[in-house]
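**Q** Coordinates only, no sequence provided:
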């Protein structure tokens with residue numbers, strides 16, 4: 001037999017159903033997985049070590065019988081072709097990888113076989129493609145999106161096969177998600193619906209999820225609205241809805257390629273207003289700014305849409321309205337000027353949620369009788385209005401605002417901010433009051449959530465800080481390498497690599513790169529590289545040399561760039577037991593060969609005696625149901641018998657060959 005082809009040994013048995021089959025090679029029992037329909041032995045990709053004497057042993061309670069055949073693997077190692085080299089792989093789409101290579105023109109290559117498998121070792125993903133001798137490119141299709149594949153090749157001449165090439169790794173392109181996220185709906189407030197969901201599983205994402213889209217509409221109306229949520233979030237709230245109304249909601253996930261399929265419409269009813277309090281003011285209060293001005297502050301509670309506020313001012317014991325102001329809905333503080341000193345006023349503030357103002361809240365106010373010397377206890381400035389924060393880069397964001405409405409002069413603005421992710425202390429910066437109401441905060445951490453608020457600073461004192469605003473900086477290449485890199489040998493040709501994500505990934509890790517070499521002083525460009533998905537933290541590096549120390553390093557990659565490499569770790573592959581143990585098993589092999597030769601001689605003598613006595617046992621006369629066709633390189637081991645069948649307790653398997661050792665070669669490239 002030629003090296004690298006496939007060889008099949010058939011074994012056909014007649015006898016009691018409890019008969020068991022055992023395959024033996026050179027006196028050693030083979031651990032094989034046999035199909036329930038057959039007892040065949042199949043050897044794939046023959047190597048020289050597969051040569052030897054094979055025995056099929058059939059046994060039951062009545063006894064046993066065996067037949068044997070010799071397998072010889074031929075070929076001159078000098079004629080072995082060079083393995084394909086300069087293998088380049090390019091992901092051309094989410095389901096295609098283009099493979100390109102070269103072979104030695106001196107070799108008479110008749111075909112090249114490409115072997116491809118998912119790098120995670122999924123046995124069901126194994127494939128092989130045969131390429132004609134004149135071609136050096138192959139487009140492999142029907143692959144899974146955003147999946148890491150390992151690829152290696154073998155070249156064939158008329159008489160020999162090359163060693164396997166080096167492995168190449170390639171990740172297919174991303175695709176849109178193949179499924180929508182499973183989500184749940186709940187209305188905890190008459191105007192809101194809360195939406196929560198789970199991450200898609202790996203084989204449904206088809207890439208890195210960047211966004212979620214939530215589409216909603218009232219069941220009674222066809223107008224659809226949508227909100228876009230960052231791919232790292234698992235919760236969102238739909239606001240500004242109508243109470244006691246049924247809404248239909250559906251979701252889809254997106255990679256950088258686009259949005260995938262949408263879910264079916266799911267219904268959810270908002271709460272009604274009967275169980276929620278009406279809109280009203282909470283904690284209304286005032287403080288004097290001067291003897292002719294006061295500042296008013298309040299909060300709003302209850303359910304409903306706020307369209308604005310109405311503010312009316314009159315003197316106590318006088319029904320005449322002195323001032324009437326219409327304020328925007330976001331107002332929570334207002335300054336009244338041009339009042340009389342040492343005067344009592346009544347201030348009425350009403351929430352406008354419908355066509356007319358609601359019931360007013362009354363705030364009694366008394367102005368001072370002299371020009372007020374302002375102290376910190378009395379001067380409470382309002383904070384800036386319309387504060388907007390926007391990201392500029394991975395380490396900076398911009399803040400814009402409008403000056404507060406106040407009777408006092410403003411000198412500067414003070415900003416406080418801190419990281420939400422790292423829970424560090426507040427940082428402060430100040431900007432002088434000017435016509436340009438904008439500043440840039442720098443020196444931030446990449447891809448980090450920050451909270452920021454603003455304070456007004458005047459001659460008389462300071463305002464409270466504004467409500468916090470949230471902002472997230474942009475991604476940057478990982479600042480630190482993968483953490484806790486470890487290497488552990490598994491067998492003679494594999495090492496298990498484990499790691500943790502970088503402490504400062506500065507974004508979403510999309511890929512890990514494993515570098516390995518047996519020479520730790522070689523430049524990095526000479527190290528072998530393998531890619532792994534960004535969600536993995538455990539993997540195997542295979543096809544290594546046995547009993548060899550390997551050095552490993554690792555890098556992490558996001559959409560912006562690559563991290564530094566880790567420090568080196570090392571692991572020595574285990575000793576190849578098949579090679580190391582050969583001298584110790586040599587006496588056993590000789591014994592097995594001797595037994596096999598003795599059995600062959602005994603079979604020959606039995607065969608001659610049977611023919612001389614005119615025994616009617618013949619392979620040509622055996623029932624059709626016991627025959628097996630041979631050919632195409634298959635080596636049959638046949639067991640049959642023509643004697644009268646004894647009882648079950650006496651059944652003894654009988655074996656015979658049409659020829660003592662029959663085998664033909666079934667070659668499969």
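**A** Done, it's in. In this text, all values refer to a predicted model and were calculated from it rather than measured experimentally.
**Q** beta partners for residue 352?
**A** Beta-bridge pairing of residue 352 under DSSP bridges involves residue 308, residue 357.
**Q** what about it, neighbour count?
**A** The number of residues packed around residue 352, counting by other Cβ atoms under 10 Å, is 18. Backbone N, C-alpha and C define where each C-beta goes, glycine included.
**Q** now residue 59
**A** Applying the criterion other Cβ under 10 Å, we find 17 residues in the vicinity of residue 59.
**Q** which neighbours does the one helix or strand it maps to have in its sheet, and in what orientation?
**A** With elements delineated by DSSP states H and E, residue 59 resides in strand 52-60, which encompasses its position. Partner strands and pairing direction for strand 52-60 (DSSP bridges) are strand 20-25 (antiparallel), strand 63-71 (antiparallel).
**Q** burial count for residue 115?
**A** Using other Cβ under 10 Å as the criterion, the residues surrounding residue 115 number 16.
**Q** That one looks like it's in a strand, true?
**A** Yes - residue state for residue 115 (DSSP: H, G, I helix; E, B strand; the rest coil) corresponds to a strand.
**Q** Which strand residues bridge it?
**A** In this structure, residue 115 has beta-bridge partners residue 128, residue 152, where bridges are defined by DSSP bridges.
**Q** For it, give me its contacts.
**A** Neighbour list for residue 115: 126, 127, 128, 151, 152, 153, 154, 164 [criterion: Cβ atoms under 8 Å, 6 or more residues apart in numbering].
**Q** ok, now how distant is it from residue 161?
**A** Between residue 115 and residue 161 the distance is 12 Å, computed by Cβ to Cβ, to the nearest Å.
**Q** overlap in contacts of these two?
**A** With contacts taken as Cβ under 8 Å, 6+ apart, residue 115 and residue 161 have residue 154 as neighbours in common.
**Q** For residue 408, which non-adjacent residue is spatially closest?
**A** Beyond its immediate neighbours in the sequence, the residue positioned closest to residue 408 (Cβ to Cβ, 6 or more residues apart in numbering) is residue 458, lying 4.7 Å away.
**Q** The one you found: neighbouring residues, count only.
**A** Residue neighbour count, defined by other Cβ under 10 Å, stands at 20 for residue 458.
**Q** Helices of the stretch 251-400 of the chain, start to end?
**A** Listed in chain order, the helices found in the stretch 251-400 of the chain under DSSP state H, counting those that start in this stretch amount to none.
**Q** Okay, now the unreliable bits of it?
**A** Counting by pLDDT under 70, the stretch 251-400 of the chain has low-confidence residues at 273-277, 303, 370-380.
**Q** In it, what residue spans correspond to strands?
**A** For the stretch 251-400 of the chain, the strands defined by DSSP state E, counting those that start in this stretch cover 258-259, 266-269, 280-290, 293-301, 308-315, 323-327, 333-336, 344-352, 361-366, 385-393, 396-402.
**Q** Which one of the ones you listed lies nearest to residue 43?
**A** Proximity to residue 43, assessed across the strands of the stretch 251-400 of the chain by Cβ to Cβ, is greatest for strand 258-259 (48.3 Å).
**Q** bridging residues for the closest residue to residue 427 other than its chain neighbours?
**A** The spatial neighbour of residue 427 that comes closest, neighbours along the chain excluded (Cβ to Cβ, 6+ apart), is residue 417 at 5.7 Å. Listed by DSSP bridges, the beta-bridge partners for residue 417 are residue 427, residue 452.
**Q** any idea how far residue 73 is from residue 417?
**A** Residue 417 sits 73 Å away from residue 73, going by Cβ to Cβ.
**Q** what does residue 419 give?
**A** Between residue 419 and residue 73 the distance, using Cβ to Cβ, works out to 66 Å.
**Q** how many other residues sit next to residue 265?
**A** Using other Cβ under 10 Å as the criterion, residue 265 is surrounded by 13 other residues.
**Q** Isn't it up against residue 246?
**A** No - because the distance of 11.0 Å does not satisfy Cβ atoms under 8 Å, residue 265 is recorded as not touching residue 246.
**Q** can you list residues touching both of those two?
**A** Residues touching both residue 265 and residue 246 by Cβ under 8 Å, 6+ apart: none at all.
**Q** Just want the most central residue of this structure.
**A** Most central in the chain under Cα atoms, centre = their mean is residue 535, positioned 4.1 Å from the mean C-alpha point.
**Q** quick one, what contacts it?
**A** When contacts are counted by Cβ under 8 Å, 6+ apart, residue 535 touches residue 202.
**Q** hmm, back to that, using TSV, lay out the strands of the stretch 251-400 of the chain together with distance to residue 434.
**A** Supplementary listing: those in TSV, determined by distance: least, Cβ to Cβ, whole Å:
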stretch	distance to residue 434
strand 258-259	44
strand 266-269	49
strand 280-290	23
strand 293-301	23
strand 308-315	30
strand 323-327	27
strand 333-336	21
strand 344-352	33
strand 361-366	33
strand 385-393	16
strand 396-402	12
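**Q** out of these, nearest to residue 51?
**A** With respect to residue 51, and counting by Cβ to Cβ, the nearest of the strands of the stretch 251-400 of the chain is strand 258-259 at 56.2 Å.
**Q** and the closest one, which strands flank it?
**A** Within its sheet, and counting by DSSP bridges, strand 258-259 is paired with strand 246-255 (antiparallel).
**Q** what comes up buried for the partner strand?
**A** Neighbour-count burial for strand 246-255, with 16 or more other Cβ atoms under 10 Å as criterion, is recorded at 247, 249, 250, 251, 252, 253, 254, 255.
**Q** So what sits opposite the second one in the bridge?
**A** According to DSSP bridges, residue 216, residue 266 are recorded as the beta-bridge partners of residue 249.
**Q** which residue packs closest to residue 285, ignoring adjacent ones?
**A** Using Cβ to Cβ, 6+ apart and skipping the chain neighbours, the partner closest in space to residue 285 is residue 297 (5.7 Å).
**Q** for residue 532, that is, sorry about that
**A** Residue nearest to residue 532 in three dimensions, not counting chain neighbours: residue 512, with 4.4 Å by Cβ to Cβ, 6+ apart.
**Q** what do you get for residue 26?
**A** Counting by Cβ to Cβ, 6+ apart, the nearest residue to residue 26 once its immediate chain neighbours are dropped is residue 52, at 4.4 Å.
**Q** Tell me how far the one you found lies from residue 8.
**A** Residue 52 sits 16 Å away from residue 8 when distances are taken as Cβ to Cβ.
**Q** One more: residue 313?
**A** Distance, residue 313 to residue 8, using Cβ to Cβ: 102 Å.
**Q** Could you do residue 326 as well?
**A** Computed as Cβ to Cβ, the residue 326 to residue 8 distance reads 92 Å.
**Q** Same check on residue 219?
**A** Residue 219 sits 65 Å away from residue 8, taking Cβ to Cβ as the criterion.
**Q** and what of residue 284?
**A** Counting by Cβ to Cβ, the gap from residue 284 to residue 8 is 92 Å.
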